[in-house]
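In: Whatever this is, show me its structure:
(2 chains)
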Number of protein chains: 2
Amino acid sequence: MKKVCGFAPASIGNFCVGFDVLGLALESIGDKVEVSLNGTDTNRITQIVNGENLPMSIDKNCCSVVIRKMQEALGNFRGLDIRIHKGFESGSGLGSSSASSAAAAFTYNEFLGKSFSDNELVAFAAEGERLASGTAHADNVAPALLGGLVLVRDNNPIDIIRLPIPKGLFVVILFPKIVVNTKDSRSVMQQNISLQTATNQWANMGALVASLYQNDLSLLSRAMVDEVAEPARALLIPKFEEIKAAAKQNDAISFGISGSGPSVFALTDNITQAKKIQEAMKQVFYNTSIDTMSLIESLANNKGARLVDTF
Amino acid sequence: MKKVCGFAPASIGNFCVGFDVLGLALESIGDKVEVSLNGTDTNRITQIVNGENLPMSIDKNCCSVVIRKMQEALGNFRGLDIRIHKGFESGSGLGSSSASSAAAAFTYNEFLGKSFSDNELVAFAAEGERLASGTAHADNVAPALLGGLVLVRDNNPIDIIRLPIPKGLFVVILFPKIVVNTKDSRSVMQQNISLQTATNQWANMGALVASLYQNDLSLLSRAMVDEVAEPARALLIPKFEEIKAAAKQNDAISFGISGSGPSVFALTDNITQAKKIQEAMKQVFYNTSIDTMSLIESLANNKGARLVDTF
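Out: Purely as a prediction, here's the structure:
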């Protein structure tokens, strides 16, 4: 029986300055989805490894919802057995539902022999996001599928731009293990913002994109400011200001909240400094009741979704 | 007696997607400022050609205010005679006060033998904007001084980025000769905007900057959308929708309001099409009581402020 297994990585949504429109793929953590025909006309989720709290119902799980949308587009309703392997925790702000949705879209497309374009896959995977957060934003699923740093100019129709990443950058992630629900994190955002704040944000967004093309890390650092989401969402993250100070004191190029949090990230161009930042951020939670997960990745290898041999 | 005369061009503020932070220098129209020592310790405005309504008082004219700020920074209070030649009408939305302020800053700096950096000149010229519109925005004075397309990431301290411009582009300007005061045009803007509108704008800003580095005119066209200022300011411009339709029907890459209006602009990559767009936009006002000024420029030569031989 033909089985296809694909992986899609975690991702950093917003990337400070790009609330709801920018996302960076990670590499070392992510979700796997395996699909195979089950001989019926109904999809089934047969297993979710490390995701005991996630729904097995095909109408409520983002993987099966994404695959169903793809089947509807093709008029192909041969039933699939779907196995899901969660590689990191949901509620981390690292795009858990996106990794699953992207892995599902990618894997089923490979199973089909690549029936869909990249943009179509992004749109399908975004339907998993709609299920998870109420809106079909592509800022996590696009990098999870395509790798790298992706700007979503428009969600309908999907219009995405793969941005260059300066060489030699490292990202340091810290996940303080409390759960922040994406919907809750969205609800703390005001639905109107001042014109001045908005103006600052699009000035910084333009500057960020310019810094990437110009390989200008000083400008990157100045541009990576989040006046929109961080003031509200920082309040949901324990010891946020201390973590930020720890990163900045260790010369982080930038620091911000990953997606809706509580994970935070810092950028640096130096592996030694990356390790110092990681240690300093972890230290904030020593002798507290909050566990942390942290990791360091080079940004040179974040390739997005891919086939894997084993589930 | 040493006289120095400098020119600074008109400019297109906002450039659709960059409300308050983007500006494009024009080339063929602008203002001249001439300075010479007058042997006293007081500056005087001795002449304003084509600016009968502009203040001659050194405390109220943007040129003398800019120069005074520069003198204060240097502690150099040798009195100057200042002559101003307005090359285009104020209230056009083409950065009239900016052209004068930039010309004043540039010319006095040349008179001094280049005492100030580009960033310092932008900051001084922005003080002329403060006088004209109440806020020291640099989005017009920066391109008027430096040429090209400039992004103002921050006004305090000045942080500006000169963006690349795809080769072969032309801009078509139409100025319907009604006066829109910058302060009035600012007052129609809401001081809060929806998070969704703001998000769309920074997505488009990021996409615009990417399109410039990638030489991607299709993306440029998709990104040059103004959801922030245009809906409010279009109401102040007679026949706005008809002008926009005229430009779009003639394949303009983009169309928008220049600064606070009423001037509008269109981009195209073809001189034949530029002439068609110009004619179609002008035709909207045939048999009306509103005169128009229009011009076509290549974007290859917009060099910003420069010395000129004759006042």
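In: any idea how far A:Gln273 is from chain B?
Out: 24 Å (C-beta to the nearest C-beta, to the nearest Å). (C-beta placed from N, C-alpha, C; glycine too.)
In: element containing that residue?
Out: Here A:Gln273 sits within helix A:271-283, counting by DSSP states H and E.
In: quick check: mean pLDDT across that helix?
Out: Per-residue pLDDT over helix A:271-283 has a mean of 98.
In: before we move on, what about stretch A:94-113?
Out: 96.
In: ok, A:Glu281 to A:Gly91 distance?
Out: To be clear, residue A:281 is Met; Glu isn't right here. Distance, A:Met281 to A:Gly91, using C-beta to C-beta, to the nearest Å: 19 Å.
In: Quick one: residues in contact with the helix holding A:Gln273.
Out: A:170, A:172, A:174, A:243, A:246-247, A:249-252, A:264, A:266, A:268, A:292, A:294-296 (C-beta atoms under 8 Å, 6 or more residues apart in numbering or on different chains).
In: send the alpha carbons of that helix over as PDB?
Out: C-alpha atoms of helix A:271-283 as PDB (Å, rounded to 0.1, in the frame of the first residue of the first chain):
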ATOM      1  CA  ILE A 271      26.900  31.300  17.000                       C
ATOM      2  CA  THR A 272      28.800  32.100  20.100                       C
ATOM      3  CA  GLN A 273      26.500  35.000  20.800                       C
ATOM      4  CA  ALA A 274      23.500  32.800  20.000                       C
ATOM      5  CA  LYS A 275      24.500  30.400  22.800                       C
ATOM      6  CA  LYS A 276      25.000  33.300  25.200                       C
ATOM      7  CA  ILE A 277      21.500  34.700  24.300                       C
ATOM      8  CA  GLN A 278      20.000  31.300  24.700                       C
ATOM      9  CA  GLU A 279      21.600  30.800  28.100                       C
ATOM     10  CA  ALA A 280      20.600  34.300  29.300                       C
ATOM     11  CA  MET A 281      17.000  33.900  28.200                       C
ATOM     12  CA  LYS A 282      16.800  30.500  29.900                       C
ATOM     13  CA  GLN A 283      18.300  31.900  33.100                       C
END
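In: can you pull the buried residues of it?
Out: In terms of neighbour count (16 or more other C-beta atoms under 10 Å in any protein chain shown), helix A:271-283 has its buried residues at A:273-274, A:276-278, A:280-282.
In: now stretch A:217-227
Out: By neighbour count on 16+ other C-beta under 10 Å, the buried set for stretch A:217-227 is A:217, A:219-227.
In: from the residues you listed, which ones fall inside helices?
Out: Using DSSP state H, the subset of the buried residues of stretch A:217-227 located in helices is A:217, A:219-223.
In: just these that are near chain B?
Out: A:219, A:222-223 (C-beta under 8 Å from any C-beta of the partner chain).
In: what are the pairing partners of the strand or helix carrying A:Val152, and which direction each?
Out: Taking DSSP H and E as the definition, A:Val152 sits inside strand A:149-155. Strand A:149-155 sits in its sheet next to strand A:22-37 (antiparallel), strand A:158-163 (antiparallel), going by DSSP bridges.
In: Output the longest one as PDB, nothing but the C-alphas.
Out: Presented in PDB, the C-alpha positions along strand A:22-37 are these (Å, rounded to 0.1, in the frame of the first residue of the first chain):
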ATOM      1  CA  LEU A  22       5.400  37.900   7.700                       C
ATOM      2  CA  GLY A  23       6.600  34.400   8.700                       C
ATOM      3  CA  LEU A  24      10.000  32.700   9.000                       C
ATOM      4  CA  ALA A  25      10.300  28.900   8.600                       C
ATOM      5  CA  LEU A  26      12.200  27.000  11.200                       C
ATOM      6  CA  GLU A  27      13.900  23.700  10.400                       C
ATOM      7  CA  SER A  28      14.600  21.400  13.300                       C
ATOM      8  CA  ILE A  29      11.100  21.100  14.700                       C
ATOM      9  CA  GLY A  30       7.800  20.500  12.900                       C
ATOM     10  CA  ASP A  31       5.000  18.000  12.300                       C
ATOM     11  CA  LYS A  32       4.800  15.000  10.100                       C
ATOM     12  CA  VAL A  33       1.700  13.700   8.200                       C
ATOM     13  CA  GLU A  34       1.400  10.300   6.500                       C
ATOM     14  CA  VAL A  35      -1.400   9.500   4.100                       C
ATOM     15  CA  SER A  36      -2.400   6.200   2.500                       C
ATOM     16  CA  LEU A  37      -5.600   5.000   0.800                       C
END
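In: Buried by neighbour count: which residues of it qualify?
Out: A:22-27, A:29-36.
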